[in-house]
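Novice: could you work out the structure for the sequence below:
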Amino acid sequence: MSDVKFYLVEGRMLIRPHKMPEWQKFRKYIRAVKPEHAVEKVLSELGSNHRVKRYHIVIERVVEVSPDEVPDRHLLAIADLKGWVKT
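Specialist: Residues are numbered from 1 along each chain as shown. From the prediction side, this is the model:
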């Protein structure tokens, strides 16, 4: 099994492209095996949560970060799970 790492993905997305276009910056912490998987996850989340097309998203930087640098405690809690508990 591959080692899952934390990645910081930074970039810009174009919101309201037809009315009042505006570029908005974003930073997302993602758990993934490869940087390509982290980019795919970010594109998927931004598209579903903000209704932004993939061609309106510009990824500027993908960096592997240590778990100590991740501010999202929920993401860290998911990383610490050992398995599923049946009830």
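
Novice: helix or strand next in line after the longest helix along the chain, which one?
Specialist: Assignment by DSSP state H gives helix 35-50 as the longest helix of the chain. Stepping forward along the backbone from helix 35-50, the first helix or strand reached (DSSP states H and E) is strand 57-65.

Novice: in that following strand, what's buried?
Specialist: 57, 59, 62 (16 or more other C-beta atoms under 10 Å). Quick note: C-beta positions are derived from backbone N, CA and C, even for glycine.

Novice: from the chain's centroid, how far away is it?
Specialist: 9 Å (C-alpha atoms, centre = their mean, to the nearest Å).

Novice: C-terminal to that strand, what's the next element?
Specialist: Under the assignment DSSP H and E, the closest C-terminal helix or strand after strand 57-65 is helix 73-79.

Novice: so what secondary structure elements neighbour that following helix?
Specialist: Helix 73-79 makes packing contacts with strand 22-32 when contacts are defined by 3 or more C-beta pairs under 8 Å, 6 or more residues apart in numbering; DSSP states H and E.
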